[in-house]
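>>> with the sequence up front, the predicted model follows.
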Amino acid sequence: MQPRRPGFPARLDGWAAPRPAAAQPAASTPQGVGLDSAAVRARMVQRLAAGGIRARAVLQAMGQVPRHQFVDSALANQAYEDTSLPIGLAQTISKPSVVARMAELLLGAECAQAAGLGRVLEIGTGCGYQAAVLAGFAREVYSIERLRALHEKARENLRPLRLHNLHLLLGDGMLGYARGAPYAAIIAAAGGDALPPAWCEQLAIGGRLVAPMAGPGGRQVLLVVDRTAQGLTQTVLESVHFVPLKSGIA
Ligand code: SAH
């Protein structure tokens, strides 16, 4: 058991409390860690809400995580657009609407009002952005990355945020992470041909898994798996485009 840390969830407060728009400079793009990034981020959150994201916990977390600090400085001016961006080693950070959609799905039917989640497993830390968003409303987040260089990059990106409920692991996420199980939610940021059995085994009863998966005709689709006392139920949702799920560490 992790000792309960003081300060959660208050540690998210004050990273970047949104400022009134009138107090902002006219620029619409964040200037590094400039004062206007909170306003640009607030506009991203407004667009997510207008696009149908209802989960307040998700919108709030995405309003606080400085996405521009997770991408190369040359791309920082695109960080709050709804686009995926390269993070090195042929991998990408998902676009904000996809991060929000998957996070909302994790919260389930009552997502609009849900305050948060218990323990969450993320497969594919990448640059660490989505892990930081999840840490904003989950009790504990375990995030696994198979590429050492990205695992280390995520550690660096996340250090200033001091998210004590987020645990970064280098490993093959296809095996899950048994030591943190059972999970209230499992989310994969890379898509395979079939669900690794470990993910379903490590899902708590009442828990939910959201992952991209190969669907009919080679399309990749978003798959939701709910574990109930009676077994697993699967729901196939919209088409998505995620990087491939691979095994082993590199
Ligand atoms: N959530 C990330 C998105 C990263 S892209 C972010 O916010 O940046 C998906 C990541 O999954 C890549 O970094 C890739 O290396 C990783 N990945 C693919 N297969 C994996 C596996 N078996 N275990 C752990 N990570 C894996």
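Looks like it arrived, so ask away. Every value quoted in this text rests on a predicted model; they were computed, and no experiment measured them.
>>> count of residues packed around Ala74?
7 (other C-beta atoms under 10 Å). All C-beta atoms are positioned from the backbone trio N, CA, C, and that covers glycine.
>>> wait, what's in contact with it?
By C-beta atoms under 8 Å, 6 or more residues apart in numbering, no residues touch Ala74.
>>> what's the answer for Ile53, then?
Ile53 makes contact with Leu59, Ser97, Ala100, Arg101, Glu104, according to C-beta under 8 Å, 6+ apart.
>>> now with 10 Å?
Contacts here follow C-beta atoms under 10 Å, 6 or more residues apart in numbering; on that basis Ile53 touches 45, 47, 59, 62, 96-97, 99-101, 103-104, 111-112.
>>> repeat for Val243
By C-beta under 10 Å, 6+ apart, the contact set of Val243 is Ser84, Leu89, Ala90, Gln91, Thr92, Ser94, Gly124, Gly126, Ala189, Ala190, Gly191, Pro212.
>>> for the lengthiest helix in the chain, packing partners?
In terms of residue count, the longest helix belonging to the chain (DSSP state H) is helix 37-50. Here helix 37-50 touches helix 56-64, helix 96-107, going by 3 or more C-beta pairs under 10 Å, 6 or more residues apart in numbering; DSSP states H and E.
>>> show me which residues of this structure are close to the ligand?
87, 91-94, 123-124, 126-127, 129-130, 144-147, 150, 172-174, 189-190, 243, 245-247 (C-beta under 6 Å from any ligand atom).
>>> list the pairing partners of the helix or strand harbouring Ile144 within its sheet, with orientation.
Taking DSSP states H and E as the criterion, the element that holds Ile144 is strand 138-145. If you go by DSSP bridges, strand 138-145 pairs up with strand 117-123 (parallel), strand 166-170 (parallel).
>>> for Thr233, helix, strand, or coil?
Following DSSP: H, G, I helix; E, B strand; the rest coil, the label given to Thr233 is strand.
>>> pLDDT value on it, please?
Looking at Thr233, its pLDDT stands at 98.
>>> coming back round to it: highest mean neighbour count out of the strands paired with strand 138-145?
Of all these, strand 117-123 has the most neighbours on average by mean count of other C-beta atoms under 10 Å, namely a mean of 25.
>>> after that one comes which helix or strand?
Next element after strand 117-123 (DSSP H and E): helix 129-135.
>>> what about Leu134, neighbour count?
30.
>>> among the contacts of Val243, which lie within strands?
Among the contacts of Val243, the members falling in strands (DSSP state E) are Gln91, Thr92, Ala190, Gly191, Pro212.
>>> dump the residue contacts of the fourth one.
This points to Gly191. Applying C-beta under 10 Å, 6+ apart, we find Gly191 in contact with 124, 211-215, 220-223, 240-245.
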